[in-house]
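Participant: Model the structure of this input:
(one chain, ligands or ions: 2)
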Amino acid sequence: MNKFKLLVLLMIGLFHLSSCKKEIIKTEFSIIPTPTKLEIKRGVFEIPTEIKINNPGYKDFDFALDYASSKFKNFNNIKLKVNKNYKKCDIQISKSDNIKLGDEGYSIDISNSKIKITANSSKAIFYAFNTIFSMLEDGTNKLKSEKELRLQAVSITDIPRFKYRGMHLDVCRHFMPIEFIKKYIDFIARYKMNSFHWHLTEDQGWRIEIKKYPKLTEIGAWRDKTIIGHSSKSNEYKNEKHGGFYTQAQIKEIIKYAETKFITVIPEIELPGHSLAALAAYPELGCTKENYKVSPTWGIFEDVYCAGQEYTFTFLEDVLSEVIELFPSKYIHIGGDECPKSAWKKCPKCQNRIKTENLKNEHELQSYFIRRIEKYINSKGKQIIGWDEILEGGLAPNATVMSWRGVKGGIIAAKQYHDVIMTPNSISYLDHYQGDRSTEPLAIGGYTTVKEIYEFNPIPKELSSEEMKHIIGFQGNVWTEYMPNPEHVEYMVFPRICAIAETAWRGENKQDYLSFTKSLNTEIKRLKKLNINIGKFNPEK
Ligand code: ACM
Ligand code: ZN
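Facilitator: Residues are numbered from 1 along each chain as shown. Ligands and ions are numbered 1, 2, ... in the order given. Have a look, this model is predicted:
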């Protein structure tokens, strides 16, 4: 080949390369939750096999960069090298004086030559990389061709609407192994949620080791049998021992694992109701002190902690003190829901308490109970969350309310300037059916679809702008009466968790259900490659 020909070929090549780099290779992305603002630009960033990251000395970002490094390694062994002063880098990290980004928001600017990430915390850097990985991932975690190593030039600014974005899991109706708890935390993190509400005590099982009260797990963690079929229709039982619990060492392991995914673990210790397992272990905690059994069936049970005796409060304070010691979360969830008052009505000690404390009735006795526990938890520097029944008889002074019986409780609480997390049962309860009852596996009841969750606005219209500020979050709840194992939990959680995360991140600001369904269909393909058991998604419903 003569020199001239070589030059011409070289010029054509160069021209081609530069025009390539100006092209638009992708206009649809499957990033869930959808970023609040994404603009497509002309250009393509080609990911090198060794990525140079410039981090100008923000030590607090190291944690998230380590995560990014291990994740990039999974993509065809791409290496990530972090330095303070690369002259030329591929990814430039910086902090921002844009107050709007806050603690969890980030921006990403991808051009032909570079990716710029701006954020103020390690968590937000983690979210930014999570977005970049969503732009790259096909679900296998492997990039097979050069083509897949290219990123469309975009400009993204992404800020969550709510500071609390969570998923709950009941491990009492059915015990879930620790490996699955980690997997569940991965699910929560995958969609940029930040809270795992761990429902640890119930009528059907006590699941957390408490050193001072060993019978809670020796006796309270086990039931002899379990109801078969729907509890409203059946009285047939499977005669098999069911149960399990987490040791304090395992709890610490989970908390540590969750920290690596920027997730806070919030324990729930139910009181005064849903406490049969504790009563079975220590009968002196109840009003009648006899015949308590860890429940083999589902429902609401009359036997609850006796509110009239000091022993109950000594016990609960001891339990909570070990719980507080274990969990770094600023919140401790104390339940408070579905506490029948019939045992208290018949109990002389409870009636005496009503008299000596000048309470009007058993509802005020419930409020006395919650306030007293709140005082103890506050004295340890923590705050309580309770289900909306804690409004009955007067709200405890610093309580955050989880509104589950619709949004009504949330509205009342926000009007009293209490923080609220919205989890209305018609929207947030992933134990509901998601399809036709005649073909779906047995569920508790109800019917809740992706579309309904997507369309939900957690901010009730009747609130003033000041009151609205107290709606701090949104959460999906997973009660496991009819989910006997992790595979079944996955089936009920997916794909609705994606809509939970979308509503928690975007709030009222969601207007494009059709494009969300496109993202979700791509995400479902990825999840299948990851062998996740997914419920059927019908975008029409
Ligand atoms: C609840 O579903 N009982 C909070
Ligand atoms: Zn009593």
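Participant: Bridged to the closest residue to residue 337 other than its chain neighbours, which residues?
Facilitator: Excluding the flanking residues, the one nearest residue 337 by CB to CB, 6 or more residues apart in numbering is residue 387, at 3.6 Å. To be clear about C-beta, it is placed using only N, CA and C from the backbone, and glycine gets the same treatment. For residue 387, the beta-bridge partners are residue 402 (DSSP bridges).
Participant: Against residue 64, how distant is residue 387?
Facilitator: 34 Å (CB to CB, to the nearest Å).
Participant: Contact partners for residue 513?
Facilitator: Residues near residue 513 by CB atoms under 8 Å, 6 or more residues apart in numbering: 451, 454-455.
Participant: Which of these ranks first by neighbour count?
Facilitator: residue 454 (22 neighbours; other CB atoms under 10 Å).
Participant: Toward the C-terminus, what is the element adjacent to the strand or helix carrying that residue?
Facilitator: Element membership for residue 454 (DSSP states H and E) is helix 450-455. As assigned by DSSP H and E, the chain's next helix or strand after helix 450-455 is helix 465-468.
Participant: for that next one, packing partners?
Facilitator: When contacts are defined as 3 or more CB pairs under 8 Å, 6 or more residues apart in numbering; DSSP states H and E, helix 465-468 sits against helix 408-415.
Participant: I'd like to know the average pLDDT value across the helix it packs on.
Facilitator: The average pLDDT for helix 408-415 rounds to 98.
Participant: Packing partners of it?
Facilitator: strand 400-403, strand 420-422, helix 465-468.
Participant: tell me the most buried of the ones you listed?
Facilitator: strand 420-422 (a mean of 30; mean count of other CB atoms under 10 Å).
Participant: Next to ligand 1 in this structure, residues from the stretch 351-500 of the chain, please.
Facilitator: Contact residues (CB under 6 Å from any ligand atom) of the stretch 351-500 of the chain with ligand 1: 387, 404.
Participant: Can you check the pLDDT for residue 512?
Facilitator: 93.
Participant: now do the one 4 residues further on
Facilitator: Reading off the per-residue confidence, residue 516 sits at a pLDDT of 97.
Participant: do the same with residue 28
Facilitator: We have a pLDDT of 89 for residue 28.
Participant: Leaving out sequence neighbours, find the closest residue to it.
Facilitator: Excluding its sequence neighbours, the residue lying closest to residue 28 (CB to CB, 6+ apart) is residue 518, at 6.2 Å.
Participant: And the one you found, how far from residue 127?
Facilitator: Distance from residue 518 to residue 127, by CB to CB: 22 Å.
Participant: I figured the residue nearest to residue 337 was touching residue 399, is that so?
Facilitator: No. With contact defined as CB atoms under 8 Å, residue 387 does not count as touching residue 399 (10.5 Å).
Participant: picking up where we left off before, and of the helices and strands packed on helix 408-415, who's closest to ligand 2?
Facilitator: Nearest of the helices and strands packed on helix 408-415 to ligand 2, taken as CB to the ion: strand 400-403 at 25.8 Å.
Participant: I'd like the average pLDDT over the closest one.
Facilitator: Here the average pLDDT along strand 400-403 is 98.
Participant: From the chain's centroid, how far away is that strand?
Facilitator: 15 Å (CA atoms, centre = their mean, to the nearest Å).
Participant: by contact count, what packs against it?
Facilitator: Using 3+ CB pairs under 8 Å, 6+ apart, strand 400-403 is in contact with strand 383-387, helix 408-415, strand 420-422.
Participant: For that strand, output the C-alpha coordinates as CSV.
Facilitator: Once non-C-alpha atoms are left out, strand 400-403 reads as follows in CSV (Å, rounded to 0.1, in the frame of the first residue of the first chain):
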residue,chain,number,x,y,z
THR,A,400,-43.2,8.6,63.7
VAL,A,401,-46.4,7.0,62.4
MET,A,402,-46.6,4.3,59.8
SER,A,403,-50.0,4.8,58.1
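Participant: gap between the residue in the stretch 151-300 of the chain that ligand 1 sits nearest to and residue 121?
Facilitator: As assessed by CB to the nearest ligand atom, ligand 1 sits closest to residue 274 within the stretch 151-300 of the chain, at 7.8 Å. Distance, residue 274 to residue 121, using CB to CB: 36 Å.
Participant: swap in residue 59?
Facilitator: From residue 59 to residue 121 the distance is 12 Å (CB to CB).
Participant: Please spell out which residues along stretch 31-41 are buried.
Facilitator: 31-36, 40 (16 or more other CB atoms under 10 Å).
Participant: What about the residues you listed, which are in strands?
Facilitator: residue 40 (DSSP state E).
Participant: So which of the buried residues of stretch 31-41 is the closest to residue 108?
Facilitator: residue 35 (8.6 Å; CB to CB).
Participant: Give me the nearest residue to that closest one, chain neighbours excluded.
Facilitator: residue 158 (4.1 Å).
Participant: What is the neighbour count of the residue of the stretch 201-350 of the chain found nearest ligand 1?
Facilitator: Using CB to the nearest ligand atom, residue 337 is the residue of the stretch 201-350 of the chain that sits closest to ligand 1, at 4.1 Å. As a burial measure, residue 337 scores 16 neighbours (other CB under 10 Å).
Participant: Let me know whether it touches residue 385 as I believe.
Facilitator: No. Taking CB under 8 Å as the definition, residue 337 is not a contact partner of residue 385, at 11.6 Å.
Participant: who's more crowded, residue 274 and residue 121?
Facilitator: Neighbours were counted for residue 274 and for residue 121 using other CB under 10 Å; residue 274 has more, 26 against 21.
Participant: Give me the three-state assignment for the more buried one.
Facilitator: At residue 274 the chain is in coil, as set by DSSP: H, G, I helix; E, B strand; the rest coil.
Participant: Can you give me every residue that contacts it?
Facilitator: Counted by CB under 8 Å, 6+ apart, residue 274 has contacts 201-203, 300-301, 304, 335, 337-339.
Participant: now swap in residue 27 and tell me
Facilitator: Going by CB under 8 Å, 6+ apart, residue 27 touches 40, 152.
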